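[1] Below: sequence and its predicted model.
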Protein chains: 2
Amino acid sequence: MYSKSIQKLIELFSKFPTVGSRTAARFVFFLMKTSKEEIDDLVNSISALKNNVKYCGFCFNTFEGEGDFCEICSNPIRDKTLLCVVEKETDLTTLEQTKKYKGLYFVLGNRASAFKKEDVKGLRIKELEERVKSSEKYGIKADFKEIIIAINPTAEGEAASLYLERLLGPLGVKITRLGRGLPMGAELEYADEETLSSALETRK
Amino acid sequence: MYSKSIQKLIELFSKFPTVGSRTAARFVFFLMKTSKEEIDDLVNSISALKNNVKYCGFCFNTFEGEGDFCEICSNPIRDKTLLCVVEKETDLTTLEQTKKYKGLYFVLGNRASAFKKEDVKGLRIKELEERVKSSEKYGIKADFKEIIIAINPTAEGEAASLYLERLLGPLGVKITRLGRGLPMGAELEYADEETLSSALETRK
């Protein structure tokens, strides 16, 4: 029904998370009304994203600037006996906002709380295991005494946490999970800072 | 909290309709995982949009290709005694899908159903009036006998419809509205084809 260029862009926006074809159409007509300067700004920002933003060589957090490691990993005052395993960057950011955690992170990938056996390949589980075993080989001199598994407490997330506990337990590191301040089935990304803070404090 | 390029893109996506900062962040991390080819495709499609897509010189529908008029306005078998006034392109598309309407359209702009006195300037009311008075001056030889006002039946939309009725009534054209098949407060864009078809048939 729409013309070719509009239809094409609707299809591309429909691939974005949470976006269906109607919302995609609204995006396109929004862009039709946007000034050339703003369109250029958007296009340049999208094009530059993958050139400017790198993944940290140790924790897979995103960062910009010099070097191979993110601000957290290269910060000398972070506690290098603690490692917190999160699913995705937004969870890391939410935890950082509590200002209660001073250790390092590891970003597993996006799908841990939709964890199924066939998805294990999509997660950075081997990378995690290797960094716990010999962090120095990956550029960070750490001596992890505790690994906090901070995966969304859904049924699938619990399965993923259990899987990680069994995998990392034999390495002689204490494995903990975020305390049950989080209600079952909730999304870590949407938790308020208070709930997250007490979950950090009551970890077991 | 996020790095500069990510934060910038989150701000730009947050301007999109229905998108908040969390959804914008999900878009950015989605793009981080998208291949270079797909990013290029997206960027090129956005850049090309405003070059490829034109507004019809008569009805302000969007179209691509040769000439100054959209496929509907330049189609010789469309009924040029009927004009249907819609708020936006997506409403036009939804009405076309019923295949029950064979006249011309006029796209008012985006905000008619959030109609307030100060918003009249944002709508193409003068352009509508001029095209009803002397269509040939705008490239289409029409002789409108009836104008169907197809604005969302919200309180503000009703005000806009009433305003248009009073404006166009003195021009000696029959003014109708979509029949009350549409429930009060509904969004035209989301109506199913059956409801819209009977609304077209029962217009008064």
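    Cool, the structure landed.
[2] which strand of chain A spans the most residues?
    strand A:79-86 (DSSP state E).
[3] and that one, which strands flank it?
    Sheet pairing for strand A:79-86, assigned by DSSP bridges, gives strand A:103-107 (parallel), strand A:146-150 (parallel).
[4] Report the buried residues of that strand.
    A:80, A:82-86 (16 or more other CB atoms under 10 Å in any protein chain shown). Any C-beta I mention is one placed from the backbone N, CA and C, and that applies to glycine too.
[5] Might you report the residue contacts of residue A:80?
    Neighbouring residues of residue A:80 by CB atoms under 8 Å, 6 or more residues apart in numbering or on different chains: A:103-104, A:135, A:140-144.
[6] what's the closest of those residues to residue A:37?
    Within the contacts of residue A:80, proximity to residue A:37 (CB to CB) peaks at residue A:104, which comes in at 41.0 Å.
[7] Okay, and the beta partners of the nearest residue to that closest one once chain neighbours are set aside?
    Leaving out its chain neighbours, the residue that sits closest to residue A:104 by CB to CB, 6 or more residues apart in numbering or on different chains is residue A:83, at 5.2 Å. Counting by DSSP bridges, residue A:83 forms beta bridges with residue A:104, residue A:147.
[8] Against chain B, how distant is residue A:83?
    Distance from residue A:83 to chain B, counting by CB to the nearest CB, to the nearest Å: 20 Å.
[9] Quick check: of the buried residues of strand A:79-86, which lies closest to residue A:38?
    residue A:86 (33.5 Å).
[10] re the thing from before, pipe the buried residues of strand A:79-86 into CSV and attach distance to residue B:178 per row.
    CSV is the format used below for the buried residues of strand A:79-86 (distance: CB to CB, whole Å):
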residue, distance to residue B:178
A:80, 67
A:82, 63
A:83, 61
A:84, 57
A:85, 56
A:86, 51
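[11] thinking again about what came up before, dump the strands paired with strand A:79-86 to CSV, plus distance to residue A:156 and mean pLDDT.
    What follows is those, written out as CSV (distance: least, CB to CB, whole Å; pLDDT from 0 to 100):
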stretch, distance to residue A:156, mean pLDDT
strand A:103-107, 18, 96
strand A:146-150, 14, 93
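[12] Any chance of these in TSV with mean neighbour count as columns?
    Listed next are those as TSV, based on neighbours: other CB atoms under 10 Å in any protein chain shown:
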stretch	mean neighbour count
strand A:103-107	24
strand A:146-150	23
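[13] Mind putting these into TSV with distance to residue B:39?
    Conversion of the strands paired with strand A:79-86 to TSV gives the following (distance: least, CB to CB, whole Å):
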stretch	distance to residue B:39
strand A:103-107	21
strand A:146-150	30
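[14] quick check, nearest of the buried residues of strand A:79-86 to chain B?
    The nearest member of these to chain B, counting by CB to the nearest CB, is residue A:86 at 12.7 Å.
[15] And that closest one, what's its pLDDT?
    On pLDDT, residue A:86 comes in at 93.
[16] and it, what is it in contact with?
    Contact analysis of residue A:86 by CB under 8 Å, 6+ apart lists A:92, A:95, A:105-108, A:150-151, A:188.
[17] Out of these, flag the one nearest to residue A:3.
    residue A:107 (40.8 Å).
[18] Next up, the contacts around the closest residue in space to the closest one that isn't next to it in sequence.
    Closest residue to residue A:107 apart from its sequence neighbours, by CB to CB, 6+ apart: residue A:60 at 4.2 Å. Residues in contact with residue A:60, defined by CB under 8 Å, 6+ apart, are A:106-107, A:109, A:124, A:127.
[19] Adding distance to residue A:168, write the contacts of residue A:86 out as CSV.
    Output for the contacts of residue A:86, formatted as CSV (distance: CB to CB, whole Å):
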residue, distance to residue A:168
A:92, 19
A:95, 19
A:105, 15
A:106, 11
A:107, 16
A:108, 12
A:150, 14
A:151, 13
A:188, 20
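[20] Identify the farthest-apart pair in the residues you listed.
    Top of the distance list for those (CB to CB): A:106 and A:188, 14.8 Å.
[21] so which helix or strand takes in residue A:130?
    Using DSSP states H and E, residue A:130 maps to helix A:125-133.
[22] what residues are up against the residue nearest in space to the middle of chain A?
    The centroid of chain A falls nearest to residue A:88 when counting by CA atoms, centre = their mean (1.3 Å). Going by CB under 8 Å, 6+ apart, residue A:88 touches A:107-110, A:189, B:29.
[23] which residues in chain A form helices?
    A:4-14, A:21-32, A:36-52, A:89-97, A:125-133, A:155-168, A:193-201 (DSSP state H).
[24] out of those, nearest to residue B:158?
    helix A:21-32 (23.1 Å).
[25] how about that closest one as PDB, C-alpha atoms only?
    Output of helix A:21-32 as PDB, limited to C-alpha atoms (Å, rounded to 0.1, in the frame of the first residue of the first chain):
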ATOM      1  CA  SER A  21       4.600  -2.600  11.400                       C
ATOM      2  CA  ARG A  22       2.300   0.200  12.600                       C
ATOM      3  CA  THR A  23       4.900   1.700  14.900                       C
ATOM      4  CA  ALA A  24       7.400   1.300  12.100                       C
ATOM      5  CA  ALA A  25       5.000   3.300   9.800                       C
ATOM      6  CA  ARG A  26       4.800   6.000  12.500                       C
ATOM      7  CA  PHE A  27       8.600   6.200  12.600                       C
ATOM      8  CA  VAL A  28       8.700   6.700   8.800                       C
ATOM      9  CA  PHE A  29       6.100   9.500   8.800                       C
ATOM     10  CA  PHE A  30       7.900  11.000  11.700                       C
ATOM     11  CA  LEU A  31      11.100  11.000   9.700                       C
ATOM     12  CA  MET A  32       9.300  12.500   6.700                       C
END
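[26] ok, and does it reach over to chain B?
    Yes. With CB under 8 Å from any CB of the partner chain as the criterion, chain B is reached by helix A:21-32 at A:22-23, A:25-32.
[27] Residue A:129: what's its closest spatial neighbour, skipping adjacent residues?
    residue A:167 (6.3 Å).
[28] distance of that neighbour from residue B:196?
    56 Å (CB to CB, to the nearest Å).
[29] Just want to know which of the two has more residues nearby.
    residue B:196 (23 against 15; other CB atoms under 10 Å in any protein chain shown).
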